[in-house]
Structures are given as C-alpha cells and as structure tokens.
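*Asks:* Here is my input, please return the structure:
(one chain, ligands or ions: 1)
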Amino acid sequence: MNNKVLEQRELMIKLQTYDKKIIELEKVLEKVDGEITVLEQNFLDEEKKLDGLKESRLEKKKMYGMYESDFESNNQRIEKYEQHLKKLANPKDYRALQREVDETRKLNDEIQESLLTLLEEIEEFDSVIRDKEASILQLKSLTESQKEEVLKKAENEAREKTELISKKNEISENLDPKIKEIYYDTLKKSGGVAIVPVSNQVCNGCFLRIPPQVLIEIKKANELIYCPRCHRIVYLEEDRPI
Ligand SMILES: [Zn+2]
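*Replies:* Predicted structure coming up:
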C-alpha cells in the first residue's frame, strides 16, 4: 500500500463531495434567469389581455357613437319631414313623405335596439376590465414578491457556492499537480463525478461488476485505479482510513 496514493485519494474523495455540491448549485443558479423570465412573462401576458379588453371596449364605444349620430340625424330628418308634411296639400306627395317618415322611424327603432345591446356589452366590458385590473394589481405584488424570493434564494446559493469553492481550493492545494490534473480531467469527462466507491464489487458510477483482478489492484492501492467501463477513479469504502 502506498500511503501517498491513499492520502491523495482521500483528498479527492473530499474534493468530490464539494464538487458535487458546487455542480448542483450551479444547475440551480442557471435556472434563476429562466424562473424570473417566466414570472415576468406571466405578468406581461395578463397585461396584454387587459389591453385587448380595453381595445374591444373602445371598438364598441366607437360603434355606439356612430349609431348614436345616425339616430340623431334620423330624428332631425323625421322632424323636418313632419314640418314639411303640414304644408303638403297633394295626397300622393303626403303619402310618399309619410311612408318616408315611417321607414325612418322603423330604422331608428332598430338603431335603438342596437344601441341598447351595445350599451349592455360596454357595461359587461367595464365589469370584466375592472376585475382584470384588480387581479393584475394582485398579480403584480405577487410577482414582485416571488421574484424577490427567487433572487434572495439565488443570492444565498451563490454565497454558498463561493464558500464551497474556497474550501475546495484549500484541499486542491494539497493535491499533487499531476493527480489534480487527472482528477479535473476525469471530472469533466464523467459528468461531474471523478471518484466513486465500489460496493459489493460494483462500481457506484456505472454499476459495472468490477473484475477480481481490478479489485485486487484497488486493494493494493499502489496507484490510482480506474473503473474499466466509466474510467472513474475507484476505491473501496472499507479501505479508507478512519
Ligand atoms: Zn464505473
């Protein structure tokens, strides 16, 4: 057994626990921007819906104005015709103009119907818009507090990450430069896990049953031994110093 190998392996095991946590934190931190964007987008979507409602209400209001002015000018026409009717002596002309008056009245009745319907629709929009504005106001404060929560959590995680990195660097300093290189190279190639225990003769990194010859080599600990399949550095938990 080579004590230097054992000592270096212990350092790598410690390093691995820090790296595992650091990588986990990095994954969490990477999602922060996305979480904030989702929260903001959700709020913007609601505001867009409100704008759409206001626009539809405005359309109805415009239509109402148009019908209203038609109604007014029809009324004026009726009044004018009625004045004119008084002066007409010829029955044929009288009847023709009277028909005109009746038709205009009928038209105005229809317009009035439409005006009532539009008024109801506008009132309905008013009520929906009021509700939407109230819910948006609530959503705004909720979004703000959720954003704050996400950012506060991220801030703590970033601080934790910095602390872990400084602890990791302290351990790293005691690693032999060559072993350090191997460790980080394996870490990079093996998805963030460079060193794994073998339990019940199985590699904890890839679940390969380790061949007896390799197990003997691991036990000897004369050098660093790698899993034949996942190429991670392997060790036996029971061989670790207490
Ligand atoms: Zn393996």
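
*Asks:* Mind checking what secondary structure residue 235 has?
*Replies:* Secondary structure assignment for residue 235 (DSSP: H, G, I helix; E, B strand; the rest coil): strand.

*Asks:* for it, what are its contacts?
*Replies:* Contact analysis of residue 235 by C-beta atoms under 8 Å, 6 or more residues apart in numbering lists 9, 13, 195, 196, 197, 198, 218, 221, 225. Where you see a C-beta, it was placed from the backbone N, CA and C, and this is true even at glycine.

*Asks:* Show me which residues of the protein sit near the ion.
*Replies:* Contact residues, the chain versus the ion (C-beta under 5 Å from the ion): 203, 205, 206, 208, 227, 229, 230.

*Asks:* neighbours around the second one, how many?
*Replies:* In this case it means residue 205. 21 (other C-beta atoms under 10 Å).

*Asks:* Surely it touches residue 190?
*Replies:* Yes: between residue 205 and residue 190 there is a contact under C-beta atoms under 8 Å: 6.9 Å.

*Asks:* Name all residues that sit in contact with the two at the same time.
*Replies:* With C-beta under 8 Å, 6+ apart, residue 205 and residue 190 have common neighbours 230, 232.

*Asks:* Who are the packing partners of the lengthiest helix in the chain?
*Replies:* Secondary structure of the chain per DSSP state H: the longest helix is helix 91-173. Under the contact definition 3 or more C-beta pairs under 8 Å, 6 or more residues apart in numbering; DSSP states H and E, helix 91-173 sits against helix 3-30, helix 32-87.

*Asks:* In space, not sequence, find me the middle residue of the protein.
*Replies:* Nearest to the geometric centre of the chain sits residue 38, at 2.3 Å (C-alpha atoms, centre = their mean).

*Asks:* what's the spacing between it and residue 146?
*Replies:* The gap separating residue 38 from residue 146 is 10 Å, by C-beta to C-beta, to the nearest Å.

*Asks:* Below-threshold pLDDT in this protein: ranges please.
*Replies:* The chain contains residues with pLDDT under 70 at 1.

*Asks:* Which residue ranges make up each domain of it?
*Replies:* For the chain, automatic domain parsing gives the domain ranges 3-16+176-239, 31-173.

*Asks:* and among those, the most buried is which?
*Replies:* domain 3-16+176-239 (a mean of 16; mean count of other C-beta atoms under 10 Å).

*Asks:* Pull the most distant pair out of the contacts of residue 235.
*Replies:* Pairwise distances across the contacts of residue 235 peak at 15.4 Å for 196 and 221 (criterion: C-beta to C-beta).

*Asks:* got a list of what residue 236 touches?
*Replies:* Counting by C-beta under 8 Å, 6+ apart, residue 236 touches 197, 198, 215, 218, 219.
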